[in-house]
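K.L.:
When you get a sec, could you give me coordinates for this:
(2 chains)
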Protein chains: 2
Amino acid sequence: MTTQLIECVPNFSEGRRKDVIEAIVDSFRGKRGLYLLDYRADEDHNRLVISLVGEPAPIQESLIEATKTALKHIDMNLHHGGHPRIGAVDVIPFTPLKGITMKECVDLAHSFGECYFKNTGIPVYFYEDAAKMPARKKLEVVRKGQYEVLKDEAKNNPDRYPDIGGPGLHPTAGGTAVGTRKLLVAFNVNLKTEDVEIAKKIANTVRASSGGFCHVKGIGLALEERGITQVSMNLVDYEANSLYRVLETIRMEAKRWGVSVLETEIYGMIPAKALIDSAAYYLQIADFDPSQVLELRLLELMGKNGE
Amino acid sequence: MTTQLIECVPNFSEGRRKDVIEAIVDSFRGKRGLYLLDYRADEDHNRLVISLVGEPAPIQESLIEATKTALKHIDMNLHHGGHPRIGAVDVIPFTPLKGITMKECVDLAHSFGECYFKNTGIPVYFYEDAAKMPARKKLEVVRKGQYEVLKDEAKNNPDRYPDIGGPGLHPTAGGTAVGTRKLLVAFNVNLKTEDVEIAKKIANTVRASSGGFCHVKGIGLALEERGITQVSMNLVDYEANSLYRVLETIRMEAKRWGVSVLETEIYGMIPAKALIDSAAYYLQIADFDPSQVLELRLLELMGKNGE
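P.N.:
Alright, predicted model coming up:
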């Protein structure tokens, strides 16, 4: 039997107290069937972002364990930070990786939400593919007004009641947004120009919100210290909107202004398939099968052996 | 502790009798720390090629087990086939993959050679990086005249004595070449021309033997059924001679003849790094770290957990 693998990137509202951060992260260490890929605490955001990959069961158990730790140490009424948030455990997004469909991942998010509330007492909002109310597909709608506004509205405005638990939020831990989404690739294209207007115009041509590629979010910004500009993007579906296609479109648009691409950046994790797809395009590889990639084949076999 | 991983592609002189093939392959099935990636039996070559990845100990133990099976069923005095060979187990090449250097892999080949002879009675020739005599770096030197010539010379000509065991070969199983080499990438570039002379001229410009890239072997040939031609290559060091560099050189040379690249092919396994390196070139990714690739990071962590 093939092991199911998911990715999960829970965000906790604590980026300053090292002991609390380590106590939370400890819940994800040394667990069978669970791999802690990375964690980053940001002091300005006062937020902890943890990258996990593993089987659904150990991921869910560890999330509840970590949340119990967060409950002990984080009081949202005292929390300040630069990043929008509605709770001590702000978001828990699940992403299907292997042996599990998006639909199954949505079911998993829903049953996890029930179990999470039962064990922690924290109400749950479902977002993105797991949303039960269409408007809540967008995380920004769920988080509107943040904890400070939501703690009242979740009690008094039926439109903002949690999907599970409530009316009202947890008195210290607030609420948690539980969602399901595809893997996100953070892809920046740096331009050889100081003129931020050009970067903004180009961002406009490629992003969904102004009519570009349907699964690209992006802005144009200046990297002032370096005297260059950047089209900073999130590819929310790297299979539909490949890296090479987005890059070559930006390159083509940049020509209009006599500007060239200096370099690109990939921030954080990227699935192998996203890079292999671009390699196959540029190298013109016919009939390429990802299981020809030694490491991917190995991972496939390791899953089958149930390790 | 990080697990050591090696690749091993043993070649057995049996490509026709299904029961013998399966009996040999069975030695590599269901072993902890060992993954059977692929195996292919070729009737014309009368040869079985097995791709393994795993930890050194289970790979070596299984190789000796498989060799004992081969000893029972294969008599080189009765063997015929299109591929050069010196024994029932013709070659055993080891390739370092992770947590092991080439130097350590050479030591491993040498100690395996001793153990192999002790357990099977089959004399060993070391080749490529594991060669003890410089001339034997080249497998074709070790295999000169094949089994039929070598069985006499290994007894009577000190220049051709085995490195371990001998003088002389095993009476039915012959000898085995044990070596150490880098991963090999089989990369073909198909050209939009029927003129095989152009493919040959281009092959000349990129391959080492005629002054091209130091780690490229290649020939030009016609794919007659398709009315096209091909530069068929082995990249014996894909880190020194990247796929993109070889392809773009071929593209550049083809322009001289007004010919363009139709497509390329990767035959068999390829390490992720080879494709990622080309993706990073074409996508102009600055400061890319392969551990940003989700699957590679996962594999790294799985190794560390000792699974």
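
K.L.:
What residues sit buried inside stretch A:143-163?
P.N.:
A:143, A:146-147, A:150-151, A:153-154, A:160-163 (16 or more other CB atoms under 10 Å in any protein chain shown). Heads up, the C-betas are built off the backbone N, CA and C, glycines and all.

K.L.:
Farthest pair within the residues you listed?
P.N.:
Of all pairs drawn from the buried residues of stretch A:143-163, the greatest distance, 18.1 Å, lies between A:Gln146 and A:Asp163 (CB to CB).

K.L.:
Now the helix or strand where A:Asn119 lies: buried residues?
P.N.:
Element membership for A:Asn119 (DSSP states H and E) is helix A:102-120. Under the neighbour-count criterion of 16+ other CB under 10 Å, helix A:102-120 has A:105-106, A:108-110, A:112-113, A:115-117, A:120 buried.

K.L.:
Could you list which residues are in contact with the spatially closest residue to A:Tyr244 that is not a sequence neighbour?
P.N.:
Closest residue to A:Tyr244 apart from its sequence neighbours, by CB to CB, 6 or more residues apart in numbering or on different chains: A:Ser278 at 4.2 Å. The contact partners of A:Ser278, taken as CB atoms under 8 Å, 6 or more residues apart in numbering or on different chains, are A:242-244, B:279, B:282-283.

K.L.:
what does A:Asp163 give?
P.N.:
Shown in contact with A:Asp163 (CB under 8 Å, 6+ apart): A:113, A:123-126, A:132-133, A:136.

K.L.:
ok, those residues vs B:Gly99, which is closest?
P.N.:
The closest of the contacts of A:Asp163, once distances to B:Gly99 are taken by CB to CB, is A:Gly113, at 40.7 Å.

K.L.:
one step back: are there helices or strands packed against the helix or strand following the helix holding A:Asn119, and which ones?
P.N.:
Using DSSP H and E, the helix or strand that follows helix A:102-120 towards the C-terminus is strand A:124-128. Counting by 3 or more CB pairs under 8 Å, 6 or more residues apart in numbering or on different chains; DSSP states H and E, the packing neighbours recorded for strand A:124-128 are helix A:102-120, helix A:139-142, strand A:176-180.

K.L.:
which of the residues in strand A:124-128 are buried?
P.N.:
Buried residues in strand A:124-128 (16+ other CB under 10 Å): A:124-128.

K.L.:
The residue of the stretch 51-200 of chain A found nearest chain B sits in which helix or strand?
P.N.:
Nearest residue of the stretch 51-200 of chain A to chain B: A:Val53, at 5.5 Å (CB to the nearest CB). Per DSSP H and E, A:Val53 falls inside strand A:47-54.

K.L.:
what comes into contact with the following helix or strand past that strand?
P.N.:
Sequence-wise, the next helix or strand downstream of strand A:47-54 (DSSP H and E) is helix A:56-73. By CB under 8 Å, 6+ apart, the residues outside helix A:56-73 that reach it are A:4, A:6, A:8, A:10, A:12-14, A:17, A:20, A:23-28, A:31-34, A:52, A:88-89, A:92, A:100, A:108, A:112, A:115-116, A:119-120, A:122, A:170, A:172-173, A:176.

K.L.:
and what of stretch A:233-249?
P.N.:
Contacts of stretch A:233-249 (CB under 8 Å, 6+ apart): A:181-189, A:203, A:205-207, A:212-218, A:261, A:264, A:270-271, A:273-275, A:277-278, A:281-282, B:279, B:282-284.

K.L.:
What of stretch A:126-140?
P.N.:
A:84, A:91, A:93-94, A:102, A:105-106, A:109-110, A:113, A:125, A:141-142, A:163, A:177-181.

K.L.:
Recalculate using a threshold of 10 Å.
P.N.:
A:84, A:86, A:90-96, A:102-103, A:105-110, A:112-113, A:124-125, A:141-144, A:159-164, A:177-182, A:236 (CB atoms under 10 Å, 6 or more residues apart in numbering or on different chains).

K.L.:
quick check: angle from the one helix or strand in chain A whose mean pLDDT sits lowest to strand B:47-54?
P.N.:
Every helix and strand of chain A was ranked by mean pLDDT, DSSP states H and E. The lowest is helix A:294-304, at a mean of 83. Relative orientation of helix A:294-304 versus strand B:47-54 (axes from the mean of the first three to the mean of the last three CA atoms, to 10 degrees): 70 degrees.

K.L.:
For helix A:294-304, name the packing helices and strands.
P.N.:
The contact analysis (3 or more CB pairs under 10 Å, 6 or more residues apart in numbering or on different chains; DSSP states H and E) places helix A:294-304 against strand A:89-98, helix A:272-282, strand B:5-8, strand B:34-42, strand B:47-54, strand B:89-98, helix B:272-282, helix B:294-304.

K.L.:
closest one to A:Lys255 among the ones you listed?
P.N.:
helix B:272-282 (17.5 Å).

K.L.:
now that closest one: mean pLDDT?
P.N.:
Mean pLDDT, helix B:272-282: 96.

K.L.:
now do stretch A:248-267
P.N.:
pLDDT averaged over stretch A:248-267 gives 96.

K.L.:
List every C-alpha atom in that stretch, with coordinates, as CSV.
P.N.:
Extracted as CSV, the C-alpha positions of stretch A:248-267 are listed here (Å, rounded to 0.1, in the frame of the first residue of the first chain):
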residue,chain,number,x,y,z
GLU,A,248,9.2,34.2,-20.5
THR,A,249,6.1,36.4,-20.4
ILE,A,250,7.8,38.8,-18.0
ARG,A,251,10.9,38.8,-20.2
MET,A,252,8.8,39.5,-23.3
GLU,A,253,6.9,42.4,-21.5
ALA,A,254,10.2,43.8,-20.2
LYS,A,255,11.5,44.2,-23.7
ARG,A,256,8.8,46.9,-24.3
TRP,A,257,10.7,49.1,-21.8
GLY,A,258,14.2,48.0,-22.9
VAL,A,259,14.6,46.2,-19.7
SER,A,260,16.1,42.7,-19.2
VAL,A,261,15.8,40.1,-16.5
LEU,A,262,18.7,40.2,-14.1
GLU,A,263,18.0,37.0,-12.2
THR,A,264,15.2,35.2,-10.4
GLU,A,265,14.7,33.9,-6.9
ILE,A,266,12.8,31.0,-5.4
TYR,A,267,11.8,31.6,-1.8
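
K.L.:
Give me the buried stretch members for it, please.
P.N.:
A:248-251, A:253-254, A:259, A:261-262, A:264-266.

K.L.:
how near is the nearest residue to A:Gly165 once chain neighbours are set aside to A:Cys105?
P.N.:
Spatial nearest neighbour of A:Gly165, chain neighbours left out: A:Pro123 (3.1 Å); criterion: CB to CB, 6+ apart. For A:Pro123, the distance to A:Cys105 equals 21 Å [CB to CB, to the nearest Å].

K.L.:
Could you do A:Leu247 as well?
P.N.:
29 Å.

K.L.:
Quick check, the residue of the stretch 51-200 of chain A closest to chain B in contact with A:Phe94.
P.N.:
No - if you go by CB atoms under 10 Å, A:Val53 and A:Phe94 don't touch, sitting 11.2 Å apart.

K.L.:
Adding distance to B:Leu301 and pLDDT, write the buried residues of helix A:102-120 out as JSON lines.
P.N.:
Listed next are those as JSON lines, based on distance: CB to CB, whole Å; pLDDT from 0 to 100:
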{"residue": "A:Cys105", "distance to B:Leu301": "22", "pLDDT": "97"}
{"residue": "A:Val106", "distance to B:Leu301": "27", "pLDDT": "97"}
{"residue": "A:Leu108", "distance to B:Leu301": "22", "pLDDT": "97"}
{"residue": "A:Ala109", "distance to B:Leu301": "24", "pLDDT": "98"}
{"residue": "A:His110", "distance to B:Leu301": "29", "pLDDT": "98"}
{"residue": "A:Phe112", "distance to B:Leu301": "23", "pLDDT": "98"}
{"residue": "A:Gly113", "distance to B:Leu301": "28", "pLDDT": "98"}
{"residue": "A:Cys115", "distance to B:Leu301": "26", "pLDDT": "98"}
{"residue": "A:Tyr116", "distance to B:Leu301": "25", "pLDDT": "98"}
{"residue": "A:Phe117", "distance to B:Leu301": "31", "pLDDT": "98"}
{"residue": "A:Thr120", "distance to B:Leu301": "27", "pLDDT": "97"}
